[in-house]
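In: Everything below, folded, please.
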Amino acid sequence: MRSAFTLPAFVGSLISQGRTWWEDRAPRERSLLLVLVTILLLWGSWVGIWLPLQQARTAAQSEIRLYTELATRLRSAGPTLQTAAASPIRSQPVQMIVTITASESALQIRQIEQQGELTRVVLEAVDFNRLVQWLDRLERDAGVTVAAGRIERQTAPGVVNARLSLVRR
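Out: As a prediction, the model looks like this:
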């Protein structure tokens, strides 16, 4: 029965030349060549397979150790960090919070005044997207929300005037 796979002619010629070369060697030479090939295969397996696997394993173990230590430190410092991050801005008066965060957001306040619990703010010719991001930051970081507001579109695209009444929740 013939196999479904046949080798090209030049491969068959190489195999026959290899057999002839092998048979021309003395038995002692054949033994030495087999030992040499075995040593080369073992060394190649060691260098090409075993060492890279060991190095990857060592690197993965050190990363796991690092991330475990980091997670432990974050868990233990978490409540402290949240309190420290939230308290300074929330403890400030609303007028000061509004002024500081507006300047950080590159918004120019035209007028600001305190009326009881409400802080009235007038902004003119400001970018609408910056205004919305600033209001989101005020609510998220300082607990200051818009109680009432009026936003008017200007002729330039994306530019508005805003009159807002802000209150701390």
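
In: which residue is nearest the middle of the chain?
Out: Nearest to the geometric centre of the chain sits Tyr67, at 14.4 Å (CA atoms, centre = their mean).

In: Can you check the pLDDT for that one?
Out: In this model, Tyr67 is scored at 91, pLDDT.

In: tell me which element it is part of?
Out: helix 51-91 (DSSP states H and E).

In: what's the distance between that helix and the middle of its chain?
Out: The chain centroid and the centroid of helix 51-91 are separated by 14 Å, computed with CA atoms, centre = their mean, to the nearest Å.

In: Also stretch 12-19?
Out: Relative to its chain's centre, stretch 12-19 lies at 56 Å (CA atoms, centre = their mean).

In: Dump that stretch to CSV, keeping only the CA atoms.
Out: Taking C-alpha atoms only, stretch 12-19 is exported to CSV below (Å, rounded to 0.1, in the frame of the first residue of the first chain):
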residue,chain,number,x,y,z
GLY,A,12,14.8,11.4,-1.4
SER,A,13,18.2,12.1,-3.0
LEU,A,14,19.4,13.9,0.2
ILE,A,15,18.2,11.0,2.4
SER,A,16,20.1,8.4,0.3
GLN,A,17,23.2,10.6,0.4
GLY,A,18,22.9,10.9,4.2
ARG,A,19,22.5,7.1,4.5
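
In: Confirm Val122 sits in a helix?
Out: No - under DSSP: H, G, I helix; E, B strand; the rest coil, Val122 sits outside any helix and is assigned strand.

In: isn't it right next to Ile112, touching?
Out: Yes - between Val122 and Ile112 there is a contact under CB atoms under 8 Å: 7.5 Å. (C-beta placed from N, C-alpha, C; glycine too.)
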